[in-house]
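Enquirer: Fold the following for me, if possible:
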Amino acid sequence: MSKYKLTYLPVLAIIALSACNTTPSPGTPEAKAQAIVEQEKKAVEAVEQTVGDIPDWCLQLPTSDFALYACGSGESGSLNMSRTRANLAAKRQLADMIDSEISSRMEDFLSSTGTGDNEQILQQSEIITKNVTIEASLTGYKQIQSEAQAVGSKFLVYTLLEYPIGQANQALVNKIKENEILITQEAADEALAELEAEIEKKRNE
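Expert: This is a model prediction of the structure:
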């Protein structure tokens, strides 16, 4: 290889590297593509940062035979609004859990009385289940954890709520006792006694 070729090789390498590091001209397709890539990268980094900042007590909820737990988050430029949104998010989750718990208890009652296929009985049970769920969803919540974080110019709040499920179960028993159609069914007394015994058992554990 001649000395001239050896001289040109480093020069060509420098030119090639310079071309690779050249910033695309504004408005060109290359510039737009680069901007999209950078935006996506920042979005991924922001999500990773947010996930990494989630409190442990929100990722791993407490478990108990006595209570239900839900963690909600809320974001806003206002700290108070962030707290409100976090509480509402947690309450919505708890409302679903309460509805599932009460529906399960009512099914146990209907199964014990052997009236699970009776249309009139089912209508009454659905009304009671809905009313108890609504009443339970309005009261009885207790905030046991809360944390506020700054995300850019906004606040991000995490809230952990607790709801004593025995309270809702007892409300269900009381509603069944007040319903003449359900309480007069055969084996109703025995079914209610089983429900109350289960509630009392959890209270004493």
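Enquirer: can you list the domains in the chain?
Expert: 1-53, 59-204 (automatic domain parsing).
Enquirer: export these to CSV and tack on mean neighbour count and mean pLDDT?
Expert: Yep, even glycine has a C-beta here, placed from its N, CA and C like the rest. Formatted as CSV, these follow (neighbours: other C-beta atoms under 10 Å; pLDDT from 0 to 100):
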stretch, mean neighbour count, mean pLDDT
domain 1-53, 10, 57
domain 59-204, 16, 89
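Enquirer: Please list the residues outside stretch 192-201 that contact it.
Expert: Arg105, Asp108, Phe109, Ser112, Gly166, Asn169, Gln170, Leu172, Val173, Ile176, Lys177, Ile183 (C-beta atoms under 8 Å, 6 or more residues apart in numbering).
Enquirer: Farthest pair within these?
Expert: Largest separation among those by C-beta to C-beta: Gly166 and Ile183, giving 21.2 Å.
Enquirer: picking that back up, mind checking which of the contacts of stretch 192-201 land in helices?
Expert: Arg105, Asp108, Phe109, Ser112, Gly166, Asn169, Gln170, Leu172, Val173, Ile176, Lys177, Ile183 (DSSP state H).
Enquirer: TSV please, covering the residues you listed and showing distance to Thr139.
Expert: Formatted as TSV, the ones in helices among the contacts of stretch 192-201 follow (distance: C-beta to C-beta, whole Å):
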residue	distance to Thr139
Arg105	18
Asp108	24
Phe109	23
Ser112	28
Gly166	14
Asn169	15
Gln170	13
Leu172	15
Val173	17
Ile176	20
Lys177	20
Ile183	25
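Enquirer: which among those residues gets closest to Gln145?
Expert: Closest to Gln145, out of all of those and judged by C-beta to C-beta, is Gly166, at 21.3 Å.
Enquirer: From the ones in helices among the contacts of stretch 192-201, pick the one nearest Asn131.
Expert: Nearest to Asn131, judged by C-beta to C-beta, of the ones in helices among the contacts of stretch 192-201 is Leu172 at 9.5 Å.
Enquirer: what's the residue nearest to the closest one when sequence neighbours are not counted in contact with, if anything?
Expert: Spatial nearest neighbour of Leu172, chain neighbours left out: Val132 (5.0 Å); criterion: C-beta to C-beta, 6 or more residues apart in numbering. Contact analysis of Val132 by C-beta under 8 Å, 6+ apart lists Ile102, Ala168, Ala171, Leu172, Lys175.
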